[in-house]
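sequence and predicted structure are below.
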Amino acid sequence: MFGRSHKKSDNSRYYEVLGVPKTASPDDLKKAYKKAAIKNHPDKGGDPEKFKELAHAYEVLSDPEKREIYDQYGEDALKEGMGAGGGMHDPFDIFSSFFGGSPFGGGGSSRGRRQRRGEDVVHPLKVSLEDLYKGTTKKLSLSRNVLCSKCNGKGSKSGASVKCSGCQGTGMKVTIRQLGPGMIQQMQHACNECKGTGETISDRDRCTQCKGEKVVQEKKVLEVHVEKGMQNGQKITFPGEADEAPDTVTGDIVFVLQQKDHPKFKRKGDDLFVEHSLLLTEALCGFQFILSHLDGRQLLIKSQPGEVVKPNSYKAINDEGMPMYGRPFMKGKLYIHFNVEFPDSLSLDQVEALQKILPPKPQSQLTDMEIDECEETTLHDVNMEEEMRRKAQHQEAYDDDDEDMLHGGAQRVQCAQQ
Ligand SMILES: [Zn+2]
Ligand SMILES: [Zn+2]
């Protein structure tokens, strides 16, 4: 008796919000929106939700393509195409596109944030440890977009731009495909006629300097001041030096310092570390050597008379580390890690001579008989790292055999009980 019921989609609410009939002309819509938006503007104490709703309704109905979708399929169809509310414009942007800013005069709107912010441009900047120790200035040549000076970023000689007819100035186009009964696919893409800008400039009116692009490339040399003691990863920012674009707050150029490895010095915070190898004789009898610092100064480093330096020990020199950022007269420590190179073997004469000088060996009272009762052993050289690696591999194989081991263990228990 009844046909299959179709869920009637709501396609009249937007008209009600704006208070216009479904037959309203674009002009009617404009007038209705303007009146209601001023009345409900949050800056004038209006309800933000209502204001948003008005902008949304107007955005849809003022776009012939969107209006068609809405009239035919309702609100949901639009939402599907937009992906969770995306693609809709900021209600304040829509509002200011009408009034070119605040209609209340005096630039008193507290909503400056609505101006689009251009992207920051981030460059890594490799610096040597010497650069960070002494401080330096690097000149970098970069090319960036700046607003065309001839047309002031308008793109046209007359300063006029015409709303793109392809997208009604929205910069976006929506295409609809009927996939099947009740199923439509909607795709939104940048308008090809205006490259998403929403406006077109006639060939005749096009600015000759920027060819209507509104921006031109400019080469600029930036002087980057790398200060003493700056750290790896520290940022140096040039505010508002990134690409310029019309109606956009220009982003920053940000340099991120990348400290290069140094062949001699390692840095940890404000401290420096160097490795130094001593011969056994130097470790026992004293040493002195020259260390060229990062600023080219020659440091004389020497032991105290009678001092013995043990292998793998550290000594430090105060105030010869890195300068501290912001307080360059303060410096960290310079640590020296000592390695001692022992001789591989000694001649019998050397052994005899050393025995006379060095502290005596522990008194060994082993009798021949005691020694006879012991088992003889042989010490051999090992590469400990390799030994450990081999043992780790063996352990893995052993772990894989866990089950077998358990069975084995269980059997043994049984045997023991019998
Ligand atoms: Zn367009
Ligand atoms: Zn121009």
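Happy to help now that I have it. Ligands and ions are numbered 1, 2, ... in the order given.

just the strands from the stretch 1-150 of the chain, written as ranges.
Applying DSSP state E, counting those that start in this stretch to the stretch 1-150 of the chain gives strands spanning 116-117, 121-127, 136-147.

do you know which of these lies nearest Gly233?
strand 121-127 (9.9 Å; CB to CB). The way it works is simple: take the backbone N, C-alpha and C, and place the C-beta from them, glycine included.

now the strands: where do they sit in the stretch 251-400 of the chain?
Taking DSSP E, counting those that start in this stretch as the test, the strands found in the stretch 251-400 of the chain are 253-259, 266-268, 271-279, 288-292, 298-302, 313-317, 323-324, 327-331, 334-341.

quick check: buried residues in the fifth one?
Residues of strand 298-302 classed as buried under the neighbour-count rule (16 or more other CB atoms under 10 Å) are Ile301.

adjacent strands (with direction) for it?
Partner strands and pairing direction for strand 298-302 (DSSP bridges) are strand 288-292 (antiparallel).

over to the first one?
Using DSSP bridges, the strands paired with strand 253-259 in its sheet are strand 121-127 (parallel), strand 235-238 (antiparallel).

near ligand 2, which residues of this structure are found?
148, 150-151, 207, 209-210 (CB under 5 Å from the ion).

rewinding a little: can you redo the strands paired with strand 253-259 as CSV with mean pLDDT and distance to Gln188?
Listed next are these as CSV, based on pLDDT from 0 to 100; distance: least, CB to CB, whole Å:
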stretch, mean pLDDT, distance to Gln188
strand 121-127, 94, 28
strand 235-238, 95, 35
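
distance of the residue lying closest to Val224 once chain neighbours are set aside relative to Gly240?
Nearest residue to Val224, sequence neighbours excluded (CB to CB, 6 or more residues apart in numbering): Lys138, at 4.6 Å. Between Lys138 and Gly240 the computed distance is 20 Å (CB to CB, to the nearest Å).

and if you look at Asp344?
65 Å.

when the two are compared, which one has more neighbours?
Neighbours around Asp344 and Gly240, counted as other CB atoms under 10 Å, are more numerous at Gly240. The numbers are 12 against 5.

related to what we said a few turns ago, OK, contacts around the residue nearest to Val224?
By CB atoms under 8 Å, 6 or more residues apart in numbering, the contact set of Lys138 is 125, 127, 223-224, 226.

swap the cut-off to 10 Å and go again
The contact partners of Lys138, taken as CB atoms under 10 Å, 6 or more residues apart in numbering, are 125-127, 131, 222-226, 236, 255.

again, but for Val340
By CB under 10 Å, 6+ apart, Val340 lies in contact with 277-284, 308-313.

same question for Glu119.
242-243, 245, 248, 250-252.

likewise Ile176?
Contacts of Ile176 by CB under 10 Å, 6+ apart are 65, 68-69, 72-73, 77, 81, 184-187.

distance of Gly19 from Phe238?
50 Å.

brain fart, Tyr335
36 Å.

same deal with Asp63?
40 Å.

for Val17, same thing?
Distance from Val17 to Phe238, by CB to CB: 46 Å.

repeat that for Glu130.
Counting by CB to CB - Glu130 and Phe238 are separated by 24 Å.

please apply the same query to His89.
31 Å.

so where's this protein shaky on pLDDT?
1-9, 79-88, 96-115, 398-418 (pLDDT under 70).

just want the residue of the stretch 301-418 of the chain that's nearest ligand 2.
Tyr325 (43.2 Å; CB to the ion).

look up the closest residue to that residue, ignoring the ones flanking it.
Gly229 is the one closest to Tyr325 (CB to CB, 6+ apart), at 3.7 Å.

isn't the one you found right up against Leu272?
No: with contact defined as CB atoms under 10 Å, Gly229 does not count as touching Leu272 (11.7 Å).

hmm, back to that, give the contact list for the residue nearest to Tyr325.
Gly229 neighbours (CB under 10 Å, 6+ apart): 132-133, 135, 269-270, 321-328, 330-332.

just Asp131 next, same as before
125, 137-138, 226, 228, 230, 257, 259-260, 294.

quick check: neighbours shared by Gly229 and Leu272?
With CB under 10 Å, 6+ apart as the test, Gly229 and Leu272 both reach 133, 321-322, 331-332.

for those residues, pick the one with the most neighbours.
Met322 leads the shared contacts of Gly229 and Leu272 on contacts (other CB under 10 Å) with 26 neighbours.

identify the bridge partners of Gln178.
Here Gln178, judged by DSSP bridges, has bridge partners Ile184.

was I right to think it contacts Ile69?
No: Gln178 is beyond contact range of Ile69, at 11.8 Å (criterion: CB under 10 Å).

between these two, who's got more neighbours?
Ile69 (22 against 9).

would you mind measuring from that one to Asp93?
21 Å.
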